[in-house]
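# Attaching a predicted model along with its sequence, questions to come.
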Amino acid sequence: MEIINEPEITNIDERTVAYVPFVGNYIGKEEVFAELFGELLGWAIPRDLIGPDTLMLSAYYDDPGVTPPEELKLDVCMTIGDTVEVAGNVKKKILPGGKYVVMRAELIGAEEYAPAWEKIVEWLVQNKLEIDMSRASYEVYLNSPEEHPEKHHIVDICMPVLG
């Protein structure tokens, strides 16, 4: 894992997203993400909704250290225009903005996501910041690992903080 930008406090604007929800154990299960993003992209691509400014992200609502694995909630999301209509298992919502700690990392593979989250939590503790559990934490995917020469994942990890 390479930390590209050390964690920093940033204000993130709210975002309108299309999403596919999931409840269950997603920890270390790449196939869950592949299936969910496959469903989301299968809906978005024929509608020509993916452009240069589209963000792909995962929104997490629980602390995996506290919530039982079968109760973990996750949304895989993509930003969309406010007027886009959704259908089927694809839902629409506004992800709230606010104050977030954001850390950019380049991960060798999926196994490095957990250590990256541990690093940002460690930074929060060191800086005496409190996580705002009323808002989701995010992974914003900045590349497609399949298109990276070494299949690396470049991601912004965003954790909401109080204050």
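Arrived safely. The structure presented is a predicted model; accordingly, all values stated were derived computationally and were not measured.

# The helix or strand where Asn5 lies - contacts with which helices or strands?
Asn5 belongs to strand 2-12 when assigned by DSSP states H and E. Helices and strands touching strand 2-12, by 3 or more CB pairs under 8 Å, 6 or more residues apart in numbering; DSSP states H and E, are strand 98-107, helix 113-126. Heads up, the C-betas are built off the backbone N, CA and C, glycines and all.

# Tabulate the ones you listed in JSON lines, adding columns for mean pLDDT and distance to His148.
Output for the helices and strands packed on strand 2-12, formatted as JSON lines (pLDDT from 0 to 100; distance: least, CB to CB, whole Å):
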{"stretch": "strand 98-107", "mean pLDDT": "97", "distance to His148": "9"}
{"stretch": "helix 113-126", "mean pLDDT": "94", "distance to His148": "15"}
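
# about what we covered before: give the buried residues for the helix or strand following the strand holding Asn5.
On the C-terminal side of strand 2-12, the closest following helix or strand by DSSP H and E is strand 15-23. Applying a neighbour-count criterion of 16 or more other CB atoms under 10 Å, one finds 15, 17-22 buried in strand 15-23.

# Give me the distance from strand 15-23 to the chain's centre.
Centre-to-centre, strand 15-23 and its host chain are 10 Å apart (CA atoms, centre = their mean, to the nearest Å).
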